[in-house]
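1. Model the structure of this input:
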Amino acid sequence: MPATPRAAHALRLICRHKRIFLLSLGFLSRLGPAMHATADEMRLACVYYPAVGAVIGAVSVLPILFDCFAEQVWIQAWLYVLLLSWLTRGLHLDGLADLADALGSAANGEAFYSVLKDSRTGAFGCAALIMALSGQLVLAAACLERGSLVPLVCAPVFGRCLPILLSCVAPRHPKASLGALPASAPRAPALLVAAVSLLTVLFRLPLSAAFLSLAQVFVCLMLLRRIALRQGGYNGDFCGFAVVVGEIALLLAASV
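-> Here you go, the predicted structure:
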């Protein structure tokens with residue numbers, strides 16, 4: 001029996017959004033296939049960033065769920081941080097290190113962006129990576145000592161909401177490329193998904209932890225906004241910085 005026009009349209013829509021989700025999954029992690037995409041598809045893929053974070057978080061806790069190194073919370077925490085970094089190809093950590101180097105250089109304007117785009121990692125970038133990874137390790141261990149896996153799953157979701165929020169409060173740099181896609185994503189759907197994802201995560205936390213998470217996010221976004229306004233806009237490295245800080249913020253709040 002032939003499908004009705006409405007059913008055919010619904011099927012095409014499902015197939016399209018499945019492709020967009022896989023595109024986002026492949027862009028942000030190793031879990032999705034490498035795909036050719038149009039500019040419109042890449043912009044729409046930003047809507048699925050929080051969902052990709054949920055997949056990354058779920059996969060990262062699998063060794064813990066299977067009781068690998070049971071009772072050894074520090075080893076389990078290290079495996080979590082290792083998987084989180086490997087699954088994302090260090091994409092967001094690279095942005096963290098680049099922005100730390102650019103800020104440490106005290107440069108402005110084009111000189112700032114020259115440092116930001118330099119493929120070499122300097123002392124400030126190395127220090128930021130050490131602090132971020134050690135922070136993730138310590139905070140993940142603290143959550144595991146409490147017997148809670150929820151923050152470990154939710155942290156990647158929380159972090160991947162921040163680039164969407166950043167696009168609403170800071171201007172995009174004219175030369176920013178794929179990393180600043182959230183600025184050109186469909187604003188209403190992206191914000192709705194980010195807001196629902198944030199609220200879903202926060203409702204899983206005690207009230208004090210939820211407020212602490214929001215406070216840290218606000219400070220991070222305002223800091224990045226100030227830097228972007230001073231330097232002519234933000235790019236993908238700002239987004240990577242926001243993702244890592246968002247992950248750490250949630251783990252810290254859940255550990256208090």
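2. Quick check: Pro50 touching Leu192?
-> No - contact status for Pro50 versus Leu192: not in contact, 10.7 Å apart, counting by CB atoms under 8 Å. Every residue, glycine included, has its C-beta placed from N, CA and C.
3. okay, those two: which has more neighbours?
-> Comparing Pro50 with Leu192 by other CB atoms under 10 Å, the one with more neighbours is Pro50, at 26 against 13.
4. How about the contacts made by that one?
-> With contact set as CB atoms under 8 Å, 6 or more residues apart in numbering, Pro50 has these partners: Val157, Arg160, Cys161, Val193, Ala194, Ser197.
5. By neighbour count, which of those wins?
-> Among the contacts of Pro50, Arg160 has the most neighbours (other CB under 10 Å), with 31 neighbours.
6. Quick check: mean pLDDT of the host helix or strand of it?
-> Assigned by DSSP states H and E, Arg160 belongs to helix 150-169. What helix 150-169 shows for mean pLDDT is 93.
7. Following element in sequence after it, please.
-> Later in the chain than helix 150-169, the nearest helix or strand by DSSP H and E is helix 187-202.
8. buried set for that following helix?
-> Residues of helix 187-202 classed as buried: Ala190, Leu191, Val193, Ala194, Ser197, Leu198, Val201, Leu202 (neighbour count, 16 or more other CB atoms under 10 Å).
9. Next, give me the two most distant ones among those residues.
-> Maximum pairwise distance in the buried residues of helix 187-202, criterion CB to CB, is 18.4 Å, between Ala190 and Leu202.
10. Check the gap between the nearest residue to Gly240 once chain neighbours are set aside and Leu84 for me.
-> Leaving out its chain neighbours, the residue that sits closest to Gly240 by CB to CB, 6 or more residues apart in numbering is Gly95, at 1.9 Å. For Gly95, the distance to Leu84 (CB to CB, to the nearest Å) stands at 15 Å.
11. Check the gap between Arg6 and Asn235 for me.
-> 42 Å.
12. who has more neighbours, the two?
-> Of the pair Arg6 and Asn235, Asn235 is the one with more neighbours under other CB under 10 Å, namely 26 against 8.
13. Leaving out sequence neighbours, find the closest residue to that one.
-> Ala176 (3.8 Å).
14. and that neighbour, what are its phi and psi?
-> phi -70, psi 140 (degrees, to the nearest 10).
15. these two touch, right, it and Gly232?
-> No - counting by CB under 8 Å, Ala176 stays clear of Gly232, with 10.0 Å between them.
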